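Peer 1: Quick one: sequence plus predicted model below, questions after.
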Amino acid sequence: MELKLLDSKAISLSKFVGSERLFLNPRQASGFKRSPQFCSCTGISPKASYFSISNKAISSIGEDNFGVETFPYHINGTNGAGSSLFVREMRVLDAFDDEYGGVVVNLETLPSNPNVFASRLRSSLSHWKIKGKKGVWLKLPLERSELVPVAVKEGFQYHHAERGYVMLTHWIPEGPCMLPDNASHQVGVGGFVINDENKVLVVQEKHYAPALVGLWKIPTGFIRESEEIFTGAVREVKEETGIDTEFVEVIAFRHVHNVAFEKSDLFFICMLRPLSTQIIVDDLEIESAKWMPLVEFVEQPLIQEDRMFKKIMDICIASLGKRYYGLSAQHLVSKFDGKLSSLYYNIVEDQDFTCQDQLKPSSMDYSKCHQNVHSHAECISCFTTTIARGLTLVSLDYVL
């Protein structure tokens, strides 16, 4: 005889008695309420439905922070045999959906016991696969590093690491992983600082390659996390020489591959205006610093012999002579992401322009455009030419 289908109202599992047998973790049985939907079937092949509850609805109870997936089975025996009710719980790790169909595991509720973590991780992967989830992001802080080999055993791979954590990922669907790779670049800056006497602020570093002995160079360094390019250039100059500066423009940038641990490198050369004159050397990194005449600086053999740095100096000198215009920074907010961004661009003309200005119909004779009869900013053709001339790609071998 089939059992009557139970309704979907909230019921206490502790009320099931009599002919039904309940298999449930005794720690969770008391007062634990559900809204299950049961299915019945005849024969020996069970049929089941399951439902989920939001992880956010689960109260915080120490190590037992978990989501529970209930798989109830109502099986009728053959030939009129008795019925049995099986309820299996599957604990899953607390996680949040991302916008790409994946999940991010909540590190705040990870089990402290590696064996418990392994069990719940396996259950979670099965659950997420059923749910059609794709990528799984698992961030393990340094103090939970004992869980790393457990996750790797379950198929997770390293994505990236910082001082305080390691990020692991797992791609659930069949086929190639579509998760984005780790950051591909490091970003460096150099500050070209020249005063009213045409003297360049230069340094000699304490640590250098043997081929660079005796070289005086511009202050350089790396951009910090969430730091603007121009802010980083000003900071590096201040740290190495004690000179205060203000950003003028990005003169050029270099792009090279396989620099540090196979990462690519972007190096931005920034023109900076000095606001002070007294040099205070950073004893940790810098051997010496001084104001050096521009001609003397450029004529250093190591610079003359290096195509990259010689080209950079040519560009800097052209900028000083107003024969070259670098990239200025402007803060803008985009509606695409709502974030404040720094847009770097150059305009030859003093006046600004807008897209609407460029698209206005005009009876102007564009054939006279390149004879400077009218402003470039009034001509779509010249506007395009100006932008095209703004950045030039030059591939060069270099030493530094």
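Peer 2: That came through, no problem.
Peer 1: those helices in the stretch 251-400 of the chain, which residues are they?
Peer 2: Counting by DSSP state H, counting those that start in this stretch, the stretch 251-400 of the chain has these helices, from start to end: 294-298, 301-304, 307-320, 355-359, 380-390.
Peer 1: how much space between Arg122 and Leu93?
Peer 2: Distance, Arg122 to Leu93, by CB to CB, to the nearest Å: 10 Å. Any C-beta I mention is one placed from the backbone N, CA and C, and that applies to glycine too.
Peer 1: quick one, which of these two is more surrounded?
Peer 2: The neighbour comparison of Arg122 against Leu93 (other CB atoms under 10 Å) goes to Leu93, with 25 against 16.
Peer 1: Quick check: Gly232 is in a strand.
Peer 2: No: looking at Gly232 with DSSP: H, G, I helix; E, B strand; the rest coil, it is helix, so not inside a strand.
Peer 1: OK, contacts around it?
Peer 2: Contacts for Gly232 (CB atoms under 8 Å, 6 or more residues apart in numbering) come out as 187, 189, 221-224.
Peer 1: tilt between the longest strand along the chain and helix 307-320?
Peer 2: In the chain, taking DSSP state E as the definition, the longest strand is strand 245-260. With axes from the mean of the first three to the mean of the last three CA atoms, to 10 degrees as the basis, strand 245-260 and helix 307-320 are set at 160 degrees to each other.
Peer 1: circling back to that earlier point, for the contacts of Gly232, which single residue is the most surrounded?
Peer 2: Val189 (28 neighbours).
Peer 1: quick one: pLDDT of it?
Peer 2: Here, the pLDDT recorded for Val189 equals 98.
Peer 1: What strand or helix carries it?
Peer 2: In this structure, Val189 is located in strand 185-193 according to DSSP states H and E.
Peer 1: Can you list the helices and strands that that strand packs against?
Peer 2: Applying 3 or more CB pairs under 8 Å, 6 or more residues apart in numbering; DSSP states H and E, we find strand 185-193 packed against strand 199-205, strand 220-222, helix 229-241, strand 245-260, strand 263-274.
Peer 1: tell me the angle that strand makes with helix 229-241.
Peer 2: 60 degrees.
Peer 1: Report the buried residues of strand 185-193.
Peer 2: Neighbour-count burial for strand 185-193, with 16 or more other CB atoms under 10 Å as criterion, is recorded at 187-193.
Peer 1: quick one on the thing from earlier: so which elements touch the longest strand of the chain?
Peer 2: Against strand 245-260 (3+ CB pairs under 8 Å, 6+ apart) you get strand 185-193, helix 229-241, strand 263-274, helix 307-320, strand 328-333.
Peer 1: So Val166 is in contact with Glu146, correct?
Peer 2: No: counting by CB atoms under 8 Å, Glu146 is not a contact partner of Val166; they are 11.9 Å apart.
Peer 1: Counting neighbours around each, name which of these two comes out higher.
Peer 2: Taking neighbours as other CB under 10 Å, Val166 and Glu146 compare with Val166 leading, 19 against 12.
Peer 1: Could you check how far that one is from Ser112?
Peer 2: Taking CB to CB as the measure, Val166 and Ser112 are separated by 18 Å.
Peer 1: Over to Phe268?
Peer 2: To Ser112, Phe268 is 45 Å away according to CB to CB.
Peer 1: So for those two, which sits in the more crowded spot?
Peer 2: Phe268 (21 against 11).
Peer 1: got a list of what that one touches?
Peer 2: The contact partners of Phe268, by CB under 8 Å, 6+ apart, come to 187-190, 229, 233, 250, 252-253.
Peer 1: same question, Leu125
Peer 2: Leu125 makes contact with 136, 154-155, 170, 172, according to CB under 8 Å, 6+ apart.
Peer 1: Of the residues you listed, which pair is most distant in space?
Peer 2: Within the contacts of Leu125, two members stand farthest from each other by CB to CB: Glu154 and Ile172, at 11.5 Å.
Peer 1: on that earlier part again, can you tell me which two in the contacts of Phe268 are farthest apart?
Peer 2: Val187 and Ala252 (14.3 Å).
Peer 1: List the contacts of Arg235.
Peer 2: Contact analysis of Arg235 by CB under 8 Å, 6+ apart lists 221, 227.
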